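Peer 1: next one to model:
(one chain, ligands or ions: 2)
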Amino acid sequence: MLTTTRYRISQLAAGTILNTQVKVQGWVRNKRESKNVVFISLNDGSTFHNLQIVGDPDQLGESLMRRINSGASLTVTGLIQASQGKGQKVELAAATIEVDGEANPEIYPLQPKKHSLEYLREIAHLRPRSQTFGAVFRIRHAMIFAVHQFFNNRGFYNIHTPIITGSDAEGAGEMFRVSTLDPINPPLNDEGEIDHSKDFFAKETNLTVSGQLEVEAFAQSMGLVYTFGPTFRAENSNTSRHLAEFWMIEPEMAYYDLKDNMDLAEAFLKDLVNYALLNCQSDLEFLNNRGEQEEQQKPQQQRQELNLLERLKLVSEHQFERIDYTQAFDILRNCKPNKKKKFQFIIEEWGCDLQSEHERYLVEKHFKKPVIIYNYPKKIKAFYMRSNDDDRTVAAMDVLFPGIGEVVGGSQREERLDQLSTRMQEMGISEKDLWWYLDLRKFGSVPHSGFGLGFERLVQFVTGMTNIRDVIPFPRTPGNADF
Ligand code: 4AD
Ligand code: MG
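Peer 2: Ligands and ions are numbered 1, 2, ... in the order given. Just a heads-up that it's a prediction; the model follows:
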């Protein structure tokens with residue numbers, strides 16, 4: 001028996017396959033029907049483009065026609081041919097249509113009209129069928145691929161660090177506990193506290209906030225390594241840039257100092273953005289138009305100066321500005337919004353942490369390009385960052401992007417045992433729990449550096465989606481773990 005070859009719509013949309021019998025399978029976006037002809041736009045997720053199916057309602061029959069509605073899944077065979085209509089290169093003249101799964105138009109939640117992003121979040125299981133989310137998640141995939149390609153091309157090894165961790169040094173009270181103890185009736189010790197020696201791992205465990213400490217062990221053996229995994233933070237931040245579960249890419253490099261670290265972060269981000277510009281054209285064009293339409297709805301002063309494609313080129317084509325914390329502090333203390341008390345947090349004293357309003361001012365108003373701030377006050381940074389000779393700053397760096405603020409945070413690590421141990425004591429971090437981390441400074445310690453890129457923040461930047469909940473398949477945020 002002769003079977004018709006199955007194609008994905010991405011293969012057909014280019015218009016190079018013509019006058020061939022094909023089979024396609026996907027979901028109905030829309031159906032337009034007149035007396036003599038029916039047009040069905042079919043999408044199979046392989047591309048932003050829908051395939052236009054053209055059929056004769058009489059020939060297909062009334063009962064079949066009634067079962068073809070938005071959301072239904074179809075298998076269609078027929079001849080692929082040049083389209084007479086506008087908007088697509090090819091169309092499929094249907095010979096046979098099978099309805100694989102019906103979708104009752106009275107209750108199907110996704111109608112072929114514009115829904116709000118808030119509404120689509122409530123139907124997160126169906127939103128990938130919408131144009132916007134199809135585009136976002138294809139780009140998300142492209143970025144995952146580009147991450148691995150970037151590191152593979154540079155001789156880095158991908159290391160899977162654990163998701164359940166026994167150390168809470170980095171978490172400082174923002175971790176999700178992992179336990180199999182009976183929550184109603186947990187075993188208690190003599191002091192009446194929960195007896196974690198009876199727990200699954202015979203100790204307290206949490207979901208990891210970062211794979212960094214563990215991946216450092218591999219940097220000090222395999223040289224150039226990175227993790228790319230889920231991380232969890234129980235901070236109660238209901239913002240458009242925070243998730244309780246997000247993915248992070250953390251490279252760690254032996255013999256890299258802070259400058260090498262910044263150079264790598266800049267090359268990495270440029271590479272990812274370039275990859276999207278080269279490989280995600282139709283999805284980016286769609287999201288660019290979508291973004292421009294959204295901007296039109298806003299009052300003039302609130303509109304972004306650059307559209308999505310211009311923002312991407314801003315990153316790929318310009319050198320990032322690099323300034324140290326003290327320079328950033330001076331710019332911010334003397335800037336108009338600070339003097340006029342327009343910032344929510346007024347910049348007064350050297351040593352204060354920078355909030356996203358300050359980061360965005362530097363990037364969007366002052367420099368108008370990505371900015372790397374380095375050498376932060378040690379008081380506001382983690383224990384493992386390398387002390388500078390001034391003894392008040394550490395070799396930290398953050399990369400700030402327009403519209404997002406911080407996308408990358410990293411540092412050169414403290415490789416000197418004495419300094420690290422002193423710092424841990426000052427910050428009340430248990431040397432006993434992190435004995436193995438200190439061991440790495442005892443045996444063949446080397447200077448090394450690394451950083452963490454928040455993957456969803458990157459995808460937000462590349463897609464122009466304003467809320468981080470719209471770039472991860474099923475977002476977890478305070479009060480929300482449906483699906
Ligand atoms: O700056 P952070 O906390 O750095 C670390 O975790 C280091 N261990 C990284 C390293 O040096 N290896 O987080 C790194 C990045 C941030 O710059 C931000 O992009 C992202 O992770 N991030 C979040 N993204 C979404 N939701 C959250 N709650 C996030 N918290 C941090
Ligand atoms: Mg940070």
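Peer 1: can we go C-alpha only for contacts and neighbour counts from here?
Peer 2: Will do.
Peer 1: distance-wise, check the residue of the chain most remote from its centre relative to ligand 1.
Peer 2: Within the chain, residue 58 marks the point farthest from the mean C-alpha position, 47.9 Å out by CA atoms, centre = their mean. Between residue 58 and ligand 1 the computed distance is 54 Å (CA to the nearest ligand atom, to the nearest Å).
Peer 1: repeat that for residue 270.
Peer 2: Counting by CA to the nearest ligand atom - residue 270 and ligand 1 are separated by 16 Å.
Peer 1: got the confidence number for that residue?
Peer 2: pLDDT recorded at residue 270 is 98.
Peer 1: try residue 358
Peer 2: Residue 358 is given a pLDDT of 96.
Peer 1: same deal with the one 3 residues further on?
Peer 2: You'll see residue 361 listed with a pLDDT of 95.
Peer 1: cool, residue 301 as well?
Peer 2: For residue 301, the predicted pLDDT is 82.
Peer 1: that one: neighbour count?
Peer 2: 7 (other CA atoms under 10 Å).
Peer 1: do the one 3 residues further on as well
Peer 2: Residue 304 has 16 neighbours, counted by other CA under 10 Å.
Peer 1: pLDDT of the lengthiest strand in the chain, averaged?
Peer 2: Using DSSP state E, we find that the single longest strand of the chain is strand 20-33. Per-residue pLDDT over strand 20-33 has a mean of 96.
Peer 1: the residue farthest from the centre of the chain: what secondary structure?
Peer 2: helix (DSSP: H, G, I helix; E, B strand; the rest coil).
Peer 1: before we move on, back to that, return the next helix or strand after the longest strand of the chain as CSV; C-alpha atoms alone will do.
Peer 2: The helix or strand immediately downstream of strand 20-33 is strand 38-43, counting by DSSP states H and E. Backbone C-alpha positions of strand 38-43 (Å, rounded to 0.1, in the frame of the first residue of the first chain) are rendered in CSV as follows:
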residue,chain,number,x,y,z
VAL,A,38,-13.8,26.1,3.2
PHE,A,39,-10.4,27.5,4.5
ILE,A,40,-9.0,25.8,7.6
SER,A,41,-5.8,27.2,9.2
LEU,A,42,-3.9,24.3,10.7
ASN,A,43,-1.0,24.6,13.1
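Peer 1: direction included, what does strand 38-43 pair against?
Peer 2: Sheet pairing of strand 38-43 (DSSP bridges) gives strand 20-33 (antiparallel), strand 51-55 (antiparallel).
Peer 1: would you list those strands in a markdown table and tack on mean neighbour count?
Peer 2: Below are the strands paired with strand 38-43 laid out as a markdown table (neighbours: other CA atoms under 10 Å):
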| stretch | mean neighbour count |
| --- | --- |
| strand 20-33 | 20 |
| strand 51-55 | 24 |
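Peer 1: how close does the nearest residue to residue 458 once chain neighbours are set aside sit to ligand 1?
Peer 2: Using CA to CA, 6 or more residues apart in numbering and skipping the chain neighbours, the partner closest in space to residue 458 is residue 407 (6.6 Å). To ligand 1, residue 407 is 4 Å away according to CA to the nearest ligand atom.
Peer 1: neighbours of residue 407, how many?
Peer 2: Look at residue 407: counted by other CA under 10 Å, it has 21 neighbours.
Peer 1: pLDDT value on it, please?
Peer 2: 97.
Peer 1: thinking it is in contact with residue 453, fair?
Peer 2: Yes: counting by CA atoms under 8 Å, residue 407 does reach residue 453; the two are 5.9 Å apart.
Peer 1: for residue 136, which residues are in contact?
Peer 2: 283, 459, 463, 471 (CA atoms under 8 Å, 6 or more residues apart in numbering).
Peer 1: can you pick the most crowded of these?
Peer 2: residue 463 leads the contacts of residue 136 on contacts (other CA under 10 Å) with 28 neighbours.
Peer 1: from residue 420, how far off is that residue?
Peer 2: Using CA to CA, to the nearest Å, residue 463 is found at 40 Å from residue 420.
Peer 1: one more: residue 42?
Peer 2: 60 Å.
Peer 1: of the two, give the one with the bigger neighbour count.
Peer 2: residue 42 (27 against 21).
Peer 1: quick one, what contacts that one?
Peer 2: Taking CA under 8 Å, 6+ apart as the test, what residue 42 contacts is 26, 27, 28, 29, 30, 50, 51, 52, 53.
Peer 1: ok, which residues in the stretch 301-450 of the chain are in contact with ligand 1?
Peer 2: 406, 407, 408, 409, 410, 411, 450 (CA under 6 Å from any ligand atom).
Peer 1: the residue positioned nearest the centre of the chain: which element?
Peer 2: Residue closest to the mean C-alpha point of the chain, counted by CA atoms, centre = their mean, is residue 456 at 1.7 Å. If you go by DSSP H and E, residue 456 is part of helix 455-463.
Peer 1: now residue 399
Peer 2: strand 393-401.
Peer 1: on contacts alone, who are the packing partners of that strand?
Peer 2: helix 258-279, helix 356-360, strand 371-377, strand 405-412 (3 or more CA pairs under 8 Å, 6 or more residues apart in numbering; DSSP states H and E).
Peer 1: all strands of the stretch 101-250 of the chain, in order?
Peer 2: 157-158, 164-165, 177-178, 205-207, 224-232, 245-254 (DSSP state E, counting those that start in this stretch).
Peer 1: quick check: the gap between residue 340 and residue 70.
Peer 2: Using CA to CA, which is the criterion applied here, residue 340 is 54 Å from residue 70.
Peer 1: which one's more surrounded, those two?
Peer 2: Comparing residue 340 with residue 70 by other CA under 10 Å, the one with more neighbours is residue 70, at 23 against 9.
Peer 1: which residues does the more buried one contact?
Peer 2: Taking CA under 8 Å, 6+ apart, one finds 27, 28, 29, 30, 31, 103, 105, 108, 111, 112 in contact with residue 70.
Peer 1: most widely separated two among those residues?
Peer 2: Greatest spatial distance among these (CA to CA): 31 and 108, at 14.4 Å.
Peer 1: how about the strands of the stretch 101-250 of the chain in CSV, adding mean pLDDT?
Peer 2: Shown next, in CSV, are the strands of the stretch 101-250 of the chain (pLDDT from 0 to 100):
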stretch, mean pLDDT
strand 157-158, 98
strand 164-165, 96
strand 177-178, 94
strand 205-207, 95
strand 224-232, 98
strand 245-254, 98
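Peer 1: among those strands, which is nearest residue 118?
Peer 2: strand 245-254 (19.2 Å).
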